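Asker: Take this sequence and fold it.
(one chain, ligands or ions: 1)
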Amino acid sequence: MNTKKKEAGNDEIFASCSFSSLGLHSTLCDQLRERLGFETPTKVQAQAIPVILSGRHVLVNAATGTGKTVAYLAPIINQLQSYTPRIDRSSGTFALVLVPTRELCMQVYEILQKLLHRFHWIVPGYVMGGENRAKEKARLRKGVSILVATPGRLLDHLKNTSAFLHKNLNWIIFDEADRILELGFGKEIEEILDILGSRNPGSVDNQNEASNIKRQNLLLSATLNEKVNHLAKISLENPVMIGLDVKKKEHYPSHERFVSLESDANEEVEHPSTAMSYSTGDYRLPAQLVQRYVKVPCGSRLCVLLSILKHLLEREASHKVVVFFSTCDAVDFHYSLLNEFQWSPYSKPDIELKQRFLRCKTFRLHGNMKQEDRRTTFGAFKTEKLALLLSTDVAARGLDFPKVKCIIQYDSPGEATEYVHRVGRTARLGERGDSLLFLQPIEVDYLQDLEKHGVSLTEYPLVKVLDSFPLYGQVPRVKKFVSIDSHPWVLYLQKALESFIVAQPKMKKMAQYAFCSWVRAYTAHRGELKRMFMVKKLHLGHAAKSFALKEQPSLVGKSFQMQSKKRKRDQKQKGQSKKRKVASKMLNGK
Ligand SMILES: Nc1ncnc2c1ncn2[C@@H]1O[C@H](COP(=O)(O)OP(=O)(O)OP(=O)(O)O)[C@@H](O)[C@H]1O
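Answerer: Numbering: from 1, shown residues only. Below is the predicted model of the structure:
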């Protein structure tokens, strides 16, 4: 049995009450304990459960990994199991959980399955992009009581699956609302709210006559911004705010009720009426997370990454690391490299004892992978004790991989919000966790940007780590400080990597693609970030070295230009359609 009450940070994470004292049915409390190993509610759960049970609309803003999922699932199940007569499949869907990604959809569905074990008349289900529509239609026809869905696919069924019964819908939950909106699902969400007649009647946007249906909407987010604020405004009616600091509460109208995570359950604070808007984002990070950065010259990035991974993953029997990259091509390249790159710590030809550089299971996850492969990776990495996951931002939000000890942001996250969500994959529920942000010397202004949001990082002791590697069978004696790119270990490893790539045409191609899309991603930084990540300041020859390419191949330049042109074309089209959308919204008075 996995009893998850943690040693460290208990007071900050867990409440001093029991699940049953929050008003949950004893069978449900048993399920929480037996199926999930939850003995005590977290603070978020202790605050949210009674409020949700009372039927109020709720906005939860709490740090990553604080137990938001059960905070909304438990009260909904509690209410559904109490209905008399019992609900059955023919009554259709009662609760709808909207999530941004397929992985999160599966994750919430799995928790639901566990919690509903002894409530067999409440049927969980999911619909999401990438799945077989016909099978989903059949499931919806049979009836799903609690449906977890990604927005695009849900909208598809709302429009095209006439057998999808939702007239009894009581709850709409937006989990990871910020991410749903950042992924560009804002329009879908508004359409969903309209079809379901669930726009806030008080919102000026509400034009739907069906909105008198009694419904309870819940919105959960680890970060708050203008878009989330807008969604809250159009979907929540007189909501209770959970987890907002006093400062942030001032942004909300008077009639709302606030519950701070520092206060006891049910403690309320009233606030004066002000406009419901934010000027900056709102970032919540676990207090026990150790955040560091490492400053690495562009040409040594790959060697430093590999060295740090080796350092982290070969010292302990159990350690899980997630590395974030900006593109799918970069994930594929580094994944193949880590699986195939052999090296010899003794470098002399007569003692060619080649071995895999990193002796640890490596996984990859990105949006261009087949759904089935994404699912397998997700499941496998969860259960491993010692493993490395290379991922794009597809894994940045909401995913709960147990025991991840370290998050490495090899490619910068861009927006500070993204930084918060990436690091949120570790230090969950009071556990310790480390994060490491790679920056080139030309990018260090980004630290100030994070600082503005109250996120401060300390420097990682890179030289010490590099000095610890054996070279020619011995730990090199580096007498005085040398720059990172002339460190003997880095020089040695870079040479070995480049020789390996030269000898492997397939790998070389992958490196070229990865380089190309990396530069493209770098040029895609927008607004203020463009000043900190200036493509003009990049040394492309050094960037090529970070893909173990000896030089920047001419082919790359050519294909890059073609791809840049395509991107500009796409952006132009997007811009035009955006203008069209804005115009039509204005015409419709939205
Ligand atoms: N009461 C509890 N007791 C023990 N473990 C818990 C409890 N509640 C949640 N957990 C565990 O804590 C972890 C984080 O929970 P969850 O994924 O719901 O957090 P979250 O706040 O939604 O995070 P994110 O913002 O990243 O999505 C999970 O591993 C979950 O199983």
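Asker: Next, give phi and psi for K506.
Answerer: Recorded main-chain torsions at K506 are phi -70, psi -40, according to degrees, to the nearest 10.
Asker: Against S336, how distant is it?
Answerer: 8 Å (Cβ to Cβ, to the nearest Å). The way it works is simple: take the backbone N, C-alpha and C, and place the C-beta from them, glycine included.
Asker: ok, these two, which is more surrounded?
Answerer: Neighbour comparison, K506 and S336: the larger count goes to S336, with 18 against 9 (by other Cβ atoms under 10 Å).
Asker: Just the buried residues of the helix or strand encompassing the more buried one, please?
Answerer: Taking DSSP states H and E as the criterion, the element that holds S336 is helix 328-340. For helix 328-340, the neighbour count (16 or more other Cβ atoms under 10 Å) marks C328, D329, A330, V331, D332, F333, H334, Y335, S336, L337, L338 as buried.
Asker: Then stretch 126-143?
Answerer: Applying a neighbour-count criterion of 16+ other Cβ under 10 Å, one finds Y126, V127, M128, E131, E136, K137, R139, L140, G143 buried in stretch 126-143.
Asker: Doesn't the first one belong to a helix?
Answerer: This means Y126. No. The assignment for Y126 (DSSP: H, G, I helix; E, B strand; the rest coil) gives strand, which keeps it out of a helix.
Asker: hey, what's it bridged with?
Answerer: Per DSSP bridges, residues listed as beta-bridge partners of Y126: V148.
Asker: That one: what's it in contact with?
Answerer: Residues counted as contacts of Y126 (Cβ atoms under 8 Å, 6 or more residues apart in numbering) are C105, M106, V108, Y109, L147, V148, A149.
Asker: Looking at those residues, spot the one nearest the ligand.
Answerer: Minimum separation from the ligand among the contacts of Y126 (Cβ to the nearest ligand atom) is found for V108, which lies at 8.8 Å.
Asker: Shouldn't that closest one be within a helix?
Answerer: Yes. When the secondary structure is assigned by three-state DSSP, V108 falls within a helix.
Asker: hang on, isn't it packed against Y72?
Answerer: No. Counting by Cβ atoms under 8 Å, V108 stays clear of Y72, with 9.6 Å between them.
Asker: which ones are touching F324?
Answerer: For F324, the contacting residues are S391, T392, D393, A395, A396, I407, I408, Q409, Y410, D411, P413, R422, taking Cβ under 8 Å, 6+ apart as the criterion.
Asker: if you set the cut-off to 7 Å instead, what comes out?
Answerer: Neighbour list for F324: S391, D393, A396, I408, Q409, Y410, D411, P413, R422 [criterion: Cβ atoms under 7 Å, 6 or more residues apart in numbering].
Asker: can you check G130 too?
Answerer: Counting by Cβ under 7 Å, 6+ apart, G130 touches R102, Q371.
Asker: does it sit in a helix, a strand or a coil?
Answerer: On the three-state scheme (three-state DSSP), G130 is labelled coil.
Asker: Give me the phi and psi for it.
Answerer: phi 90, psi -10.
Asker: Look up how far the ligand lies from it.
Answerer: 21 Å (Cβ to the nearest ligand atom, to the nearest Å).
Asker: V123 versus that residue, what's the distance?
Answerer: Noted for G130: a distance of 22 Å to V123, by Cβ to Cβ.
Asker: and the residue in the stretch 151-300 of the chain that the ligand sits nearest to, what does it touch?
Answerer: Nearest to the ligand in the stretch 151-300 of the chain, going by Cβ to the nearest ligand atom, is A222, at a distance of 4.4 Å. When contacts are counted by Cβ under 7 Å, 6+ apart, A222 touches A62, A63, T64, R284, V420, H421, G424.
Asker: what do you get if the cut-off is 10 Å, keeping everything else the same?
Answerer: Contact partners of A222, counting by Cβ atoms under 10 Å, 6 or more residues apart in numbering, are 60-66, 68, 176-179, 243, 282-285, 397-398, 417, 420-421, 424.
Asker: Using CSV, list the CA coordinates for whichever strand or helix holds L437.
Answerer: With elements taken from DSSP H and E, the one containing L437 is strand 433-439. These are the backbone C-alpha positions of strand 433-439, laid out as CSV (Å, rounded to 0.1, in the frame of the first residue of the first chain):
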residue,chain,number,x,y,z
GLY,A,433,12.9,18.3,-6.0
ASP,A,434,15.5,20.1,-8.0
SER,A,435,15.3,22.0,-11.2
LEU,A,436,18.0,23.2,-13.5
LEU,A,437,17.7,25.8,-16.2
PHE,A,438,20.3,25.9,-19.0
LEU,A,439,21.2,29.3,-20.2
